[in-house]
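*Asks:* structure for this input, please:
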Amino acid sequence: MSWISCGYSDDKLKQLVFKAEGAGGMPEFLDHLGDEIVWGAFKVVGVDDRGNTVSRRPKYIFVKYTPPSTSAMKRATAGRHKGSIKPIFTTHVDFEVGLRPLVSDEFVDLVFVVSVDRVQRRAH
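*Replies:* Numbering: from 1, shown residues only. Presented below is the predicted three-dimensional model:
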């Protein structure tokens, strides 16, 4: 399994339920996004190339997808759930997105660069 998605059981956004999982990584995860709010995660491979040493490690990305058609009230209600949902997923980075086309390999690379930069700045 390289991705998983969860959503709400009804329009009241009271109960989170399992929606789908798969082995096709980010592309397959994105293909399963529709017109409802989705919480999920997918696996990517982080590559750290330091000249004579190359390290490849799995990294997990937590995503909240909110389609553009979602009402402001539902956005606010779902937003309050992040603190309860995120600990379920052990991830390295998280982001929220409202348009599927925004999520690409380049976007994920940028998210990692920014998060690593923040961690390095805090360490110094």
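
*Asks:* residue boundaries of the helices in the protein?
*Replies:* Counting by DSSP state H, the chain forms helices over residues 25-31, 72-79, 82-85, 105-123, given from the N-terminal end onward.

*Asks:* for R57, see how far away Y65 is.
*Replies:* Applying Cβ to Cβ, to the nearest Å, the value for Y65 to R57 is 25 Å. Just so you know, the C-beta spots here come from the backbone N, C-alpha and C atoms, and that holds for glycine as well.

*Asks:* which one's more surrounded, these two?
*Replies:* Regarding Y65 and R57, a neighbour count based on other Cβ atoms under 10 Å identifies Y65 as having more, with 24 against 10.

*Asks:* report the contact partners of that one.
*Replies:* Y65 is in contact with L33, I37, V38, W39, G40, E96, V97, G98, R100, counting by Cβ atoms under 8 Å, 6 or more residues apart in numbering.

*Asks:* hang on, the earlier thing: any idea which of the helices of the chain scores lowest on pLDDT?
*Replies:* The minimum mean pLDDT among the helices of the chain belongs to helix 105-123 (a mean of 52).

*Asks:* buried sites along stretch 71-89?
*Replies:* Of the residues in stretch 71-89, those buried by neighbour count under the rule 16 or more other Cβ atoms under 10 Å are K74, T77, A78, H81, F89.

*Asks:* residues contacting it, please?
*Replies:* With Cβ under 8 Å, 6+ apart as the test, stretch 71-89 has contacts from 4, 6, 8, 13, 16, 37, 39, 41, 60, 62, 64, 66, 70, 94.

*Asks:* would JSON lines of the residues you listed with distance to I85 and pLDDT be doable?
*Replies:* Written out in JSON lines, the entries for the contacts of stretch 71-89 read as follows (distance: Cβ to Cβ, whole Å; pLDDT from 0 to 100):
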{"residue": "I4", "distance to I85": "12", "pLDDT": "94"}
{"residue": "C6", "distance to I85": "8", "pLDDT": "94"}
{"residue": "Y8", "distance to I85": "11", "pLDDT": "94"}
{"residue": "L13", "distance to I85": "12", "pLDDT": "92"}
{"residue": "L16", "distance to I85": "7", "pLDDT": "91"}
{"residue": "I37", "distance to I85": "11", "pLDDT": "95"}
{"residue": "W39", "distance to I85": "5", "pLDDT": "94"}
{"residue": "A41", "distance to I85": "10", "pLDDT": "90"}
{"residue": "Y60", "distance to I85": "14", "pLDDT": "87"}
{"residue": "F62", "distance to I85": "9", "pLDDT": "90"}
{"residue": "K64", "distance to I85": "8", "pLDDT": "91"}
{"residue": "T66", "distance to I85": "13", "pLDDT": "92"}
{"residue": "T70", "distance to I85": "16", "pLDDT": "92"}
{"residue": "D94", "distance to I85": "10", "pLDDT": "82"}
